[in-house]
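Colleague: What would the 3D arrangement of this be:
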Amino acid sequence: MTNQNESSNRVRNLREAKGLTQTELAERAGISRSAVTAIEGAKLAPSVATALSLAAVLGCSVEELFGSPESPKATASWAWEPPTNSNRCWHAEVFGKVLKLPAAVTPMWSALPDDVDAGSQKASIVADETLVLATCDPAAGILASQFHAATGMRMIVIPRSSGQSLELLKHGVVHLAGLHLATAEHPEGNADAVRTGLGNDYNLIRLSNWQEGISLPAGSAHRSVRSVLGARLKWIGREEGSGARQCLDQLLHGRRAPRCVARNHMGVATAIQSGWADAGVCVQLVSAEAGLRFLPVQQEAYDVCYAKSFRGDRRLTAFINVVRSVAYRSLLSDLPGYDTADAGRISNVN
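Modeller: Residues are numbered from 1 along each chain as shown. Got it, this is the predicted structure:
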C-alpha cells in the first residue's frame, strides 16, 4: 500500500505540474481549499468521492494518485468534549480535519450517530459527505431533509444560539453558523457580529426573515406588548449572545435580566406551558406549535455564515442550491412567521 506521505506529495507534484494553485484544484474538484491543504499535508485521507474528483482533475487514475484502493486510516478528534463517556458521534470533515461531533442524547433534527470506526474508510466517506450547521432555527429539520433529498449527503444540525454558533465556526468545528441579530432598526446586526467575533473573511446567506416576539399562556388577558410590559410578570430569560436575549433586553429597558434562563426557543415555550414563567421571547413558530399566545415584537433577518475559504466545496454549493430551491422556500414560507422572499441572497461581510 502506498505511504500516505508519498501519495500526498504526488497530489502536490501533479497539481504543480499542471500549474494549478490549491484554490484552483479545490474549485475544480468541488472541495474546499483547506481539504486540499490537509490532503497534501498528509493530515486527511480523502474519501472515495474526493479521490475520484482529484484524479479526474489531475488526469490520472485513483490508483496512480493514491496507490492501493485501501486508503490509510484517518485520525479523528473530538470537536468538543462529549458530555458523557459515550462514544456516540457523527463524523465530519471540517476544514481539512476529520472530527467526531458528540451526538446528543436527544438529537436536534439529525441522523442517528455513526456506527463506524473513526479510522475506517467508511468513516472517511461519511465525513466527506457531511455538512455541519450550528443554529437555533426550529425549522432546521426541513432544511436537513431537503438537503439530503436533493444531494444524498447529510446535514448535521447542532443546537446553539447565535453567539454560540459563531464561536463554533470560529474554532473551525462547524461549516455553517446561523444567527438572527439583524432587525429593521439594526440591519447590519448579523454582519457586525461576524466582523467583531470572526473577522471579514466570511459571507452571509439569507434563509428567511422571521418574527420574534413575546410568548404568553394561551389564556392570557394581555393583548399588546405595552400591556405585557406594564404588568408584573415572571419572565423566562435567554443566555447572552442569543437573538432572543437581544430582543428581551430591548423590551425590558435595562431592568434586571430574568434569573431563570432557557437554552433555546423551545425551552422558553416549555417554561410557559408548564407554568414556570408568565412570559418569554421566542420565534413565532415555536409559540404556535406550543399553542401559546404570540405578540410580535420585531422581524429579524435569519442568516447563515460561512468562511470564504469554504467556497467551492460541493457541500456548500449544494446547500446554497437547496436554500434557493422552490421546494424549500415553499415549505418554509408555509410556517408561522417565516418570510422567504430574500432566501438565498448572499452578502459579503466586508
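
Colleague: so where's the protein shaky on pLDDT?
Modeller: Scanning the chain for pLDDT under 70 picks out the ranges 1-9, 67-75, 105-113, 115-125.

Colleague: which residues in it form strands?
Modeller: Secondary structure of the chain (DSSP state E): strands at 76-78, 89-94, 97-102, 130-135, 154-159, 176-183, 202-216, 235-238, 261-262, 279-283, 293-307, 338-339, 346-348.

Colleague: Grab the CA positions of the fourth one and hand them over as CSV.
Modeller: Once side chains and other backbone atoms are set aside, the C-alpha atoms of strand 130-135 remain, and they are given as CSV (Å, rounded to 0.1, in the frame of the first residue of the first chain):
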residue,chain,number,x,y,z
THR,A,130,-21.5,15.6,5.9
LEU,A,131,-22.3,19.3,6.3
VAL,A,132,-22.5,20.7,9.8
LEU,A,133,-24.8,23.6,10.7
ALA,A,134,-25.0,25.2,14.2
THR,A,135,-28.2,27.1,14.6
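
Colleague: Use 35 as the first number for this chain going forward.
Modeller: Will do, 35 is the new start, and the previous item becomes strand 164-169.

Colleague: strand partners of that strand, parallel vs antiparallel please.
Modeller: Partners of strand 164-169 in the sheet, by DSSP bridges, are strand 188-193 (parallel), strand 210-217 (parallel).

Colleague: Hmm, residue 164 and residue 148 touching each other?
Modeller: No: Residue 148 lies out of contact with residue 164 (Cβ atoms under 8 Å); the separation is 9.2 Å. To be clear about C-beta, it is placed using only N, CA and C from the backbone, and glycine gets the same treatment.

Colleague: any common contacting residues for these two?
Modeller: By Cβ atoms under 8 Å, 6 or more residues apart in numbering, residue 148 and residue 164 have these common neighbours: 124, 125.

Colleague: which residues touch residue 366?
Modeller: For residue 366, the contact set (Cβ under 8 Å, 6+ apart) comprises 173, 176, 241, 242, 372, 374, 377.

Colleague: so how far is residue 336 from the residue lying closest to residue 367 once chain neighbours are set aside?
Modeller: Excluding its sequence neighbours, the residue lying closest to residue 367 (Cβ to Cβ, 6 or more residues apart in numbering) is residue 374, at 4.6 Å. Distance of residue 374 to residue 336, computed by Cβ to Cβ, to the nearest Å: 10 Å.

Colleague: list residues touching both of those two?
Modeller: In contact with both residue 374 and residue 336: 241, 242, using Cβ under 8 Å, 6+ apart.

Colleague: okay, these two: which has more neighbours?
Modeller: Neighbour count, other Cβ atoms under 10 Å: between residue 374 and residue 336, residue 336 has more, with 28 against 21.

Colleague: Look up the closest residue to that one, ignoring the ones flanking it.
Modeller: With Cβ to Cβ, 6+ apart as the criterion, residue 336 has its nearest non-adjacent residue at 4.4 Å, and that residue is residue 214.

Colleague: ok, now which ones touch that neighbour?
Modeller: Residues near residue 214 by Cβ under 8 Å, 6+ apart: 170, 196, 224, 244, 246, 277, 334, 335, 336, 337.

Colleague: now do 10 Å
Modeller: Listed by Cβ atoms under 10 Å, 6 or more residues apart in numbering, the contact partners of residue 214 are 169-171, 195-196, 223-224, 241-244, 246, 276-278, 280-281, 317, 333-337.

Colleague: The residue nearest to residue 367 against residue 335, yeah?
Modeller: No: using Cβ atoms under 10 Å, residue 374 makes no contact with residue 335, being 12.0 Å away.

Colleague: Tell me the residues that contact both of these two, please.
Modeller: With Cβ under 10 Å, 6+ apart, residue 374 and residue 335 have common neighbours 240, 241, 242, 243, 244.

Colleague: is the residue positioned nearest the centre of the chain in a bridge, and if so with what?
Modeller: In the chain, the residue lying closest to the centroid (Cα atoms, centre = their mean) is residue 167, at 1.7 Å. Beta bridges link residue 167 to residue 191, residue 210, judged by DSSP bridges.

Colleague: Distance check, the residue nearest to residue 336 against residue 233.
Modeller: Going from residue 214 to residue 233 by Cβ to Cβ gives 20 Å.

Colleague: swap in residue 381?
Modeller: Per Cβ to Cβ, residue 381 is found 15 Å from residue 233.

Colleague: Likewise for residue 50?
Modeller: 30 Å.

Colleague: same question, residue 216
Modeller: Using Cβ to Cβ, one obtains 18 Å as the distance from residue 216 to residue 233.

Colleague: Break this protein into its domains for me.
Modeller: For the chain, the structural domains run 38-100, 110-216+345-370, going by automatic domain parsing.

Colleague: Put together CSV for those domains, with distance to residue 266 on each row.
Modeller: As requested, the domains of the chain are exported to CSV (distance: least, Cβ to Cβ, whole Å):
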stretch, distance to residue 266
domain 38-100, 53
domain 110-216+345-370, 28
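
Colleague: how far out from the middle of the chain is stretch 319-339?
Modeller: Distance of stretch 319-339 from the chain centroid (Cα atoms, centre = their mean, to the nearest Å) equals 19 Å.

Colleague: Show me what counts as buried in that stretch.
Modeller: Going by neighbour count (16 or more other Cβ atoms under 10 Å), the buried part of stretch 319-339 is 319-322, 324, 326-329, 331-339.
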